[in-house]
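Asker: Just to be clear, the model below is a prediction. Sequence and coordinates:
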2 protein chains.
Amino acid sequence: MAEGGSAQSGESLLFLTDEQLRKGIEAMFFAYRGFTADPDRILENYSYGRAHHRAIHFIHRSPGTTVNNLMSILGVTKQSLNRVLRTLIEDGLVESRVGPRDKRERHLYLTEAGATLEQELSDAQRARMRAAYRAAGPEAVAGFRQVLEAMMDPEQRRHYAALKDAGS
Amino acid sequence: MAEGGSAQSGESLLFLTDEQLRKGIEAMFFAYRGFTADPDRILENYSYGRAHHRAIHFIHRSPGTTVNNLMSILGVTKQSLNRVLRTLIEDGLVESRVGPRDKRERHLYLTEAGATLEQELSDAQRARMRAAYRAAGPEAVAGFRQVLEAMMDPEQRRHYAALKDAGS
DNA sequence: GATTTTATGTCAGCCTTGTTGACTTTCCAA
DNA sequence: TTGGAAAGTCAACAAGGCTGACATAAAATC
């Protein structure tokens, strides 16, 4: 399928060819493997999986978040999430407190042990990210983030943006 | 913390802060969901999964590839790959030919039906990629690719590069 | 020619992590 | 007060990873 459409008024649209798009697709595939490789290795030692990592990450980012909210951020069913949370709670990495206002809700927090594992995982993941950022340079990083953001579904982008400024 | 992602004279390293790295990590997470969303929807109609998509993609990219080669590109075991290939062959989407030189090898090709599904899947995935590329612009796309490439493990980068120029 | 290595396929069984369905508890509104 | 919705839990199933063991055929080596 050719690109066609708009005229090339000065600005070349060569970066929109199927060939370029395919390269981008394959880059995403291979890069995502690298992206998860380091945490995956660490998680093996604890017999946890990626799902545990994701839960830990976002509980760390939004302490006190509810199961419902976490569900919608992670894009999994509450049953999937519940299984992961149950093991994390049993193992003393996550604490679940009954909601003060609405007792149906459970508010989630990392324990000290949970925060320690979170640190170990994110240190590893950031190290790779840092190396990649440094190798590519600040302009490339800005472009990287722009394209990724444009690739998200609107709902994902909402979640992303909601987290975006939380720590500033 | 201020946002400015652009480079400052004197080589500011603000783009390497933990905060910036964390945003990149979350962007990867949310973007990857968007990246796979459209093909996933299509695959449901055929009761296939992402594993089938990956196999189909790389067989399309490298017609005649062997099982062994595909295994190493996809980074899965032969048992995992075999399960997927078996169903694709049974369903007439993939053809497996005994190697002409080395008769131990099986060379994999898409059938016409396989090529049709490949087209449907990659059209959907490219459409999203094209929209993201167009929204972000050529400079951003260049940066996007640079960072992703830097994020890969060396072996993944080898595979990526080997595919890179094949179709040009 | 005999032996070893390589490429592939298959069976069995396990794990993680998705899913749906059924259920309880809690809250809220008619 | 009663019925529905919302939050969370339990049970069972499926996809797709994994390992291990074993079979076959062909290639490579001794």
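Answerer: Structure received.

Asker: only C-alpha atoms for contact and neighbour calcs from this point on.
Answerer: Will do.

Asker: Now for chain A: which helix has the highest residue count?
Answerer: helix A:18-45 (DSSP state H).

Asker: how far off helix B:18-45 does that helix point, in degrees?
Answerer: 110 degrees (axes from the mean of the first three to the mean of the last three Cα atoms, to 10 degrees).

Asker: Is helix A:18-45 positioned near chain B?
Answerer: Yes: using Cα under 8 Å from any Cα of the partner chain, helix A:18-45 reaches chain B at A:18-19, A:21-28, A:30-35.

Asker: Spit out the contact partners of the residue in chain A that DNA strand C sits nearest to.
Answerer: Closest to DNA strand C within chain A is A:Gly49: 2.7 Å, counting by Cα to the nearest atom of the strand. Counting by Cα atoms under 8 Å, 6 or more residues apart in numbering or on different chains, A:Gly49 touches A:Asp40, A:Leu43.

Asker: in chain A, what spans have low per-residue confidence?
Answerer: For chain A, the stretches with pLDDT under 70 are A:1-11, A:164-168.

Asker: which other helices and strands contact the longest helix of chain A?
Answerer: helix A:50-61, helix A:112-136, helix B:18-45, helix B:112-136, helix B:138-151, helix B:154-164 (3 or more Cα pairs under 8 Å, 6 or more residues apart in numbering or on different chains; DSSP states H and E).

Asker: Can you add mean neighbour count and give the ones you listed back as a markdown table?
Answerer: Listed next are these as a markdown table, based on neighbours: other Cα atoms under 10 Å in any protein chain shown:
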| stretch | mean neighbour count |
| --- | --- |
| helix A:50-61 | 19 |
| helix A:112-136 | 19 |
| helix B:18-45 | 19 |
| helix B:112-136 | 19 |
| helix B:138-151 | 23 |
| helix B:154-164 | 16 |
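
Asker: what about those, which gets the closest to DNA strand D?
Answerer: That would be, of the helices and strands packed on helix A:18-45 and by Cα to the nearest atom of the strand, helix B:18-45, which comes in at 8.5 Å.

Asker: give me the number of residues near the closest residue to A:Gly99 other than its chain neighbours?
Answerer: Of all residues not flanking A:Gly99 in the chain, A:Glu105 sits nearest, at 4.9 Å (Cα to Cα, 6 or more residues apart in numbering or on different chains). The number of residues packed near A:Glu105 is 16, by other Cα atoms under 10 Å in any protein chain shown.

Asker: Pull the contacting residues for the residue most central in space within chain A.
Answerer: Chain A has A:Arg54 as the residue nearest its centroid, 6.9 Å off, counting by Cα atoms, centre = their mean. Neighbour list for A:Arg54: A:Leu74 [criterion: Cα under 8 Å, 6+ apart].

Asker: how far away is it from A:Thr36?
Answerer: Distance, A:Arg54 to A:Thr36, using Cα to Cα, to the nearest Å: 11 Å.

Asker: repeat for A:Thr77
Answerer: If you go by Cα to Cα, the gap between A:Thr77 and A:Thr36 works out to 22 Å.

Asker: Name the residues of chain A found near DNA strand C, please.
Answerer: Counting by Cα under 7 Å from any atom of the strand, the residues of chain A close to DNA strand C are A:47-52, A:75-77, A:79-81, A:84, A:101-104.

Asker: Sort out for me which of the residues you listed are in helices.
Answerer: Here DSSP H is the test, and these give A:Arg50, A:Ala51, A:His52, A:Gln79, A:Ser80, A:Leu81, A:Val84 as lying in helices.
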